[in-house]
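Asks: coords please:
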Amino acid sequence: MAKVNPIRRLAIIINKLRSSEYIPTQKLIDEVNQAMQWRYSEANGCTQRTLQRDFNTIEELFGLTISHNKNKGYYIVQNNEYTDFHEELLRNFEMLNAIDSDSVLQQYVLAEHRRHANSTHANIAEILDAIRNRLTVEFDYTLFRQGNKVIPKQVEPYYLKESQQRWYLVGYDTDKRLKCFALDRISLFRIAADKPFTRREDIDIPALFRESFGIWNDPQTPIEEIILRYDALDGAFVKTLPLHTSQETISDNDEGLIIKLRLRITNDFVMELLSRSRSVEVIKPYSLRKRLYDTYVKAAAHNTPENHE
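Replies: Below is the predicted model:
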């Protein structure tokens, strides 16, 4: 008998439970074993004992709590701890698991070719250990805006955050300010085991990022109401891939799409608007409209046909 892969079983259990409100114990076991046999030629790997272990692993990895109703069966608890990060992690897990299950499928999946030059992120496991154990980390950090100047850093690590194919360490610097450090600019990383810290609970750091776009999260930047207009073509894209979780539709017709958002206007957000600048019009606030206009003017000056060599 082939050895049962428990990681594959996790994906099947999650999909079964998400597709039904309740699943009786034996039905879940039978359906998981049937799927394992059909997809991977792995039979009878799921039992009531392995289910309990898998449920614990699923909660730890993906924030999904699975409970049991004696009359109806197993179900996924609506858990406030399940975050956007868990959802993204689960989607990536399901994709990788599907590809891993059949080597033939790999030829039909085209990965993103654009990658950061230093994207191995060998320090992720160590950073997570430091976050979990509340230990200060030390490293050298490269400042691109200062001519690649390298400076030593001592940081109290709180979170890892992913944004636009780049991972960041979020933590408090020695000046007690919350900052983000791109992992691809970190070198000579080490955990200072002799420098534990007490984790601050007075600031909701995830909330700061929910109110921003991308990685910029200066709490001093005010949250503003933003109204944007797109033509019908670009509006279709903006509807299917919202700019932000606060996005609301004000008007949607053949003439175009008007949306409202509430967030901090950061450089990352401005760059996102510029990426679809063909049709976007900033209705409010005026400061954002002026900022985009000034950027257009500067870009146009750099790209006039007359100045082309």
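
Asks: burial count for residue 177?
Replies: Around residue 177 sit 9 other residues, with neighbours defined as other CB atoms under 10 Å. The C-beta positions use only the backbone N, C-alpha and C, and glycine is treated the same way.

Asks: mind listing what residue 260 touches?
Replies: Residues in contact with residue 260, defined by CB atoms under 8 Å, 6 or more residues apart in numbering, are 225-227, 247-248, 250.

Asks: can you give me the helices for the stretch 51-200 of the chain?
Replies: 84-101, 124-133 (DSSP state H, counting those that start in this stretch).

Asks: if you average pLDDT over each of those helices, which is lowest?
Replies: Among the helices of the stretch 51-200 of the chain, helix 84-101 carries the lowest mean pLDDT, at a mean of 62.

Asks: low pLDDT regions in this structure?
Replies: Low-confidence segments of the chain (pLDDT under 70): 1-6, 39-44, 79-122, 217, 307-309.

Asks: grab the nearest non-local neighbour of residue 22.
Replies: Nearest residue to residue 22, sequence neighbours excluded (CB to CB, 6 or more residues apart in numbering): residue 72, at 3.8 Å.

Asks: next, count neighbours for the one you found.
Replies: 11.

Asks: do the same with residue 285
Replies: 14.

Asks: quick one: contacts for the residue nearest to it when sequence neighbours are not counted?
Replies: Using CB to CB, 6+ apart and skipping the chain neighbours, the partner closest in space to residue 285 is residue 224 (5.7 Å). Residues counted as contacts of residue 224 (CB under 8 Å, 6+ apart) are 262-265, 285, 288.

Asks: rewinding a little: residue 300: which of the contacts of residue 260 is nearest?
Replies: Compare each of the contacts of residue 260 with residue 300 using CB to CB and the shortest gap goes to residue 226, at 23.8 Å.

Asks: in strands, which of the contacts of residue 260 appear?
Replies: Residues of the contacts of residue 260 located in strands (DSSP state E): 225-227, 248, 250.

Asks: which one of these sits in the busiest neighbourhood?
Replies: residue 226 (22 neighbours).

Asks: quick one: contacts for that one?
Replies: Residue 226 touches 260-263, 265, 282, 284-285, 288, counting by CB under 8 Å, 6+ apart.

Asks: relative to residue 274, how far out is residue 290?
Replies: Taking CB to CB, to the nearest Å as the measure, residue 290 falls 14 Å from residue 274.

Asks: I meant residue 60, not that one.
Replies: 40 Å.

Asks: over to residue 301?
Replies: 15 Å.

Asks: burial count for residue 153?
Replies: Number of residues near residue 153 (other CB under 10 Å) recorded here: 18.

Asks: okay, and the beta partners of it?
Replies: Counting by DSSP bridges, residue 153 forms beta bridges with residue 139.

Asks: residue 24 contacts residue 73, correct?
Replies: Yes: counting by CB atoms under 8 Å, residue 24 does reach residue 73; the two are 3.8 Å apart.

Asks: in space, what's closest to residue 221 - neighbours in sequence excluded?
Replies: Per CB to CB, 6+ apart, closest to residue 221 is residue 264, 4.3 Å.

Asks: tell me which residues touch the one you found, please.
Replies: Counting by CB under 8 Å, 6+ apart, residue 264 has contacts 211-213, 216-218, 221-224.

Asks: returning to that earlier point: looking at the contacts of residue 226, which are in helices?
Replies: residue 288 (DSSP state H).

Asks: quick one: the contacts of residue 226 as TSV, columns for distance to residue 232 too.
Replies: As requested, the contacts of residue 226 are exported to TSV (distance: CB to CB, whole Å):
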residue	distance to residue 232
260	18
261	19
262	24
263	24
265	26
282	18
284	21
285	24
288	22
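
Asks: go through the contacts of residue 226 and name the one nearest residue 206.
Replies: The nearest one, if we look at these relative to residue 206 and count by CB to CB, is residue 263, at 14.2 Å.

Asks: gap between that closest one and residue 235?
Replies: Here the distance between residue 263 and residue 235 works out to 19 Å (CB to CB).

Asks: thanks a lot, see you next time.
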